[in-house]
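[1] sequence-free structure coming up:
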């Protein structure tokens with residue numbers, strides 16, 4: 001093979017590599033975009049059950065599907081899948097108590113068992129019988145608790161990296177973090193941007209809007225930090 005042929009082959013390989021990198025890595029993944037987040041916001045509701053106010057969205061028709069977010073997050077986490085899932089299910093996605101736009105009473109407990117009981121009351125209030133449950137991280141642990149303690153409520157359960165590792169759960173950070181709850185202003189917008197950037201693979205999704213959606217609950221209510229520490 002001549003030197004010209006070698007250079008030509010290498011050039012083509014490099015060009016293809018650049019094209020794949022640009023289209024698959026650099027460009028935002030269009031298929032991840034929600035159908036219309038404005039439509040989801042229009043379907044936002046609030047309901048109070050046993051002095052706890054739940055913020056939730058519901059979209060679609062079909063069997064009931066419940067989506068549970070992780071620690072420090074809120075229902076905005078699921079914005080990329082609600083539209084697609086609503087084609088096959090009645091999707092209910094909520095801010096768990098202590099998070100998002102749901103109530104944040106610092107006196108209450110926000111451990112798994114407490115949240116499981118509240119979640120069961122929430123489902124009863126909305127007259128949702130058996131439902132499919134998908135939970136991420138903390139939401140995965142709560143969803144599993146719902147399946148274990150109230151199996152009549154769960155058709156199928158899917159845990160996405162559920163927080164159930166016995167080597168991790170015994171660690172109790174509350175004594176260390178109790179003092180930090182008094183300095184809630186450490187949860188600043190730049191701080192939230194860093195956190196979102198660390199947990200999101202596609203960095204194009206770390207937009208000003210997404211950072212604002214995660215930061216807003218902490219900006220609006222200083223009790224949000226306390227609830228996170230008690231979760």
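    Now that the structure is in, tell me what you want to look at. Everything numeric here is computed off the predicted structure, so don't read it as measured data.

[2] can you give me the helices in the protein?
    Using DSSP state H, the helices of the chain run over residues 3-20, 37-42, 82-85, 112-125, 138-149, 174-177, 189-199, 208-220, 223-230.

[3] Quick one: list the elements packing against the fourth one.
    This points to helix 112-125. With contacts taken as 3 or more CB pairs under 8 Å, 6 or more residues apart in numbering; DSSP states H and E, helix 112-125 sits against strand 44-49, strand 52-59, helix 138-149. All C-beta spots, glycine's among them, are computed from the backbone N, C-alpha and C.

[4] what about residue 111, neighbour count?
    13 (other CB atoms under 10 Å).

[5] Contacts only, for it.
    230, 231 (CB atoms under 8 Å, 6 or more residues apart in numbering).

[6] One more: residue 120?
    146, 149, 150, 153.

[7] Counting neighbours, which of the residues you listed comes out on top?
    Greatest neighbour count in the contacts of residue 120, by other CB under 10 Å, goes to residue 146: 25 neighbours.

[8] My guess is that residue contacts residue 116. True?
    Yes. Here residue 146 reaches residue 116: they are 5.3 Å apart, a contact under CB atoms under 8 Å.

[9] Out of the helices and strands packed on helix 112-125, which one sits most buried?
    Per residue and on average, the most neighbours among the helices and strands packed on helix 112-125 fall to helix 138-149, with a mean of 22 (mean count of other CB atoms under 10 Å).

[10] how close does residue 219 sit to residue 78?
    21 Å (CB to CB, to the nearest Å).

[11] neighbour count winner among the two?
    Per other CB under 10 Å, whichever of residue 219 and residue 78 has more neighbours is residue 78, with 23 against 15.

[12] quick one, what contacts that one?
    67, 69, 93.

[13] Make sure the first one is actually in contact with residue 80.
    No. Applying CB under 8 Å, one finds residue 67 not in contact with residue 80, separated by 11.4 Å.

[14] Sounds good, over and out.
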